[in-house]
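S.K.: No sequence on hand, only this structure:
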């Protein structure tokens, strides 16, 4: 199984949603983790609520830092557009999705970011499944 790490600054919205989608949709193909370069200490309540709309529960997730994740060589490190704040970790593939931080966006725009993340995670899972073969 491939390992993916989703990284944003606070690990409260984008990376948490990506981890949630990857865990649910990538079961058997992708082992997913998330972290933040400067974790906020909590998962955004709107991210939790909007993920529930998709049938995915991330309410028990915790906002964590890069020292709280396994020290492995990742198959994928996906950054969420956090620029210089995202540190370099060992990875076979590095991807930057350059997504806006939804925390101050309207509900509709927050959902658009969530749905964009879902589509990108689905594509990542397809890539991971191809590499398994």
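M.R.: Yep, that arrived. Everything quoted here is computed from the prediction, not taken from an experiment. Numbers count the residues shown, from 1 in each chain.

S.K.: contacts, neighbours, all on C-alpha from now
M.R.: OK.

S.K.: quick one: residue 21 and residue 8, what's the gap?
M.R.: The spacing between residue 21 and residue 8, counted by C-alpha to C-alpha, to the nearest Å, is 15 Å.

S.K.: Can you pull the phi/psi pair for the closest residue to residue 58 other than its chain neighbours?
M.R.: Once flanking residues are discounted, residue 58 sits nearest to residue 48: 5.6 Å by C-alpha to C-alpha, 6 or more residues apart in numbering. Residue 48 adopts backbone torsions of phi -60, psi -50, taken as degrees, to the nearest 10.

S.K.: Would you mind checking which helix or strand in this protein has the lowest mean pLDDT?
M.R.: strand 91-96 (a mean of 90; mean pLDDT, DSSP states H and E).

S.K.: Which strands or helices does the helix or strand following it pack on?
M.R.: Next along the chain after strand 91-96, taking DSSP states H and E as the criterion, comes helix 107-132. Applying 3 or more C-alpha pairs under 8 Å, 6 or more residues apart in numbering; DSSP states H and E, we find helix 107-132 packed against helix 14-25, helix 45-52.

S.K.: change it to 7 Å
M.R.: helix 14-25 (3 or more C-alpha pairs under 7 Å, 6 or more residues apart in numbering; DSSP states H and E).

S.K.: quick one: contacts of the helix it packs on?
M.R.: Here helix 14-25 makes contact (C-alpha atoms under 7 Å, 6 or more residues apart in numbering) with 6-8, 30-35, 47, 51, 56, 58, 80, 101, 114, 117-118, 121.

S.K.: try it again with 8 Å
M.R.: 5-8, 30-36, 43, 47, 51, 56-58, 61, 63, 80, 99, 101-102, 113-114, 117-118, 121-122, 125 (C-alpha atoms under 8 Å, 6 or more residues apart in numbering).

S.K.: how far off helix 45-52 does that helix point, in degrees?
M.R.: Here the directions of helix 14-25 and helix 45-52 differ by 20 degrees (axes from the mean of the first three to the mean of the last three C-alpha atoms, to 10 degrees).

S.K.: quick one: helix 14-25 to chain centroid distance?
M.R.: Distance of helix 14-25 from its chain centroid, counting by C-alpha atoms, centre = their mean, to the nearest Å, is 5 Å.
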